[in-house]
Structure formats: structure tokens, C-alpha cells
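# Build me a structure from this.
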Amino acid sequence: MTKAQEATSAAQKTADEKADALKAADAKLAQAKQELASAESNLSAKQAALTTANETLAAAKQEKTADAQKALEADKEASAADKAAQSKLASVNKEAADLALTEAKKHLAILEALEEANEPSETPTTPSDNKPSESQNKSAFLAGIVALLASASLFAFGRRKKNEK
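As a prediction, this is how the structure comes out:
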């Protein structure tokens, strides 16, 4: 073989090697492009999942805040209702106490009247005068009736207040 043929053969061999290297590089480039496309797809999916997770978290925070506000409002309403109930109870208790005091004063007046009616007179009496007179009997009877009526009215008031609750 001549030198020219050898040079041509060497050049051909070099060209073939370069073509093989170029084919290998093209295959590697194609594989890298495929891997890049797959990575971009995975990144897009992960970004979508992250966006969804962030939106869910924001919604949960908003719901938690709304629930906390509702609980605070319910607590305020319950506190106001409790104060109103306590005020009403205090008012009813005061009214009942005032009525009981009035009734007690009536009973005291009745008892004082009975005591006064039952006091022995300062005039000397004979043994036959130890019996209460008819007017004293009537006074005692009337005082008993008044006491009974006062007790009945107090009882009726208590029942009425109990039924109003």
C-alpha cells in the first residue's frame, strides 16, 4: 500500500471513529433530553402538589380562625346570658325577700294585736272573769283568720314565682 492509500485509510478510520463518537454523543444527548423532560414533568407535578398543599393549609388556617371567632362570640353570648340570668334571679330573690319581709311585718303586727288582746285587763276580776270575753274570742278568731290569709297569700306568691321560672 502506498502512502496515499495509507493516509486515506487512516483518514477513513479517523472519520469512522469520529462518526461513532458523534453517534454516541447524539445518543447521550437524546438520553439527557429525555431525563430533563422527565425531571421537568416531575417538577411540575411536585409544584402542583405544593400549591395544593399551600392552598389547603391556608383554608385550614382560615377555618380555624373562623372557628375561634365563633367560639369567642358564643362565649360572649353565654356570658351575657349568664349575667342576665343572675340579674333576673337577684331581682326575683329581692322581690321575694321584700314580700317575705312585708308578710313577716304583717304577722308581727297580728301577733302584737293578739298579744295585746290576750293581756289581762288591769281591773280586778273575779274568778268568773278569768274566761275570755266574747269580744276577746272574736278578736283572737279574726286575728287567726288574718294570719291564715297572710300565709296563703305568701304561699300563692311563691308558687307564682316558681311557675314563672
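# For the rest of this, base every contact and every neighbour count on C-alpha atoms.
Fine.
# Would you check how far apart residue 80 and residue 92 are?
Separation of residue 80 from residue 92 (Cα to Cα, to the nearest Å) stands at 18 Å.
# More neighbours: these two, which one.
Between residue 80 and residue 92, counting by other Cα atoms under 10 Å, residue 92 is the more crowded of the two (15 against 12).
# helix/strand/coil for the more buried one?
Judged by DSSP: H, G, I helix; E, B strand; the rest coil, the three-state class of residue 92 is helix.
# May I ask which helix or strand of the protein has the lowest mean pLDDT?
Using mean pLDDT, DSSP states H and E, helix 134-164 stands out as the lowest-scoring helix or strand of the chain, at a mean of 71.
# buried sites along it?
Buried residues in helix 134-164, counted by 16 or more other Cα atoms under 10 Å: 139-140, 143, 147, 150-151, 154.
# And stretch 91-106, by the same measure?
For stretch 91-106, using 16+ other Cα under 10 Å, the buried residues are 96, 99-100, 103, 106.
# Among the residues you listed, list the two that are farthest apart in space.
Farthest-apart pair in the buried residues of stretch 91-106 is 96 and 106; separation 15.1 Å (Cα to Cα).
# thinking again about what came up before, now the buried residues of stretch 91-106 as TSV including secondary structure?
TSV is the format used below for these (three-state DSSP):
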residue	secondary structure
96	helix
99	helix
100	helix
103	helix
106	helix
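# centre of the chain versus the helix or strand harbouring residue 74, how much separation?
Element membership of residue 74, judged by DSSP states H and E, is helix 3-118. Its chain's C-alpha centre and that of helix 3-118 lie 20 Å apart, by Cα atoms, centre = their mean, to the nearest Å.
# which strands and helices sit next to that helix?
helix 134-164 (3 or more Cα pairs under 8 Å, 6 or more residues apart in numbering; DSSP states H and E).
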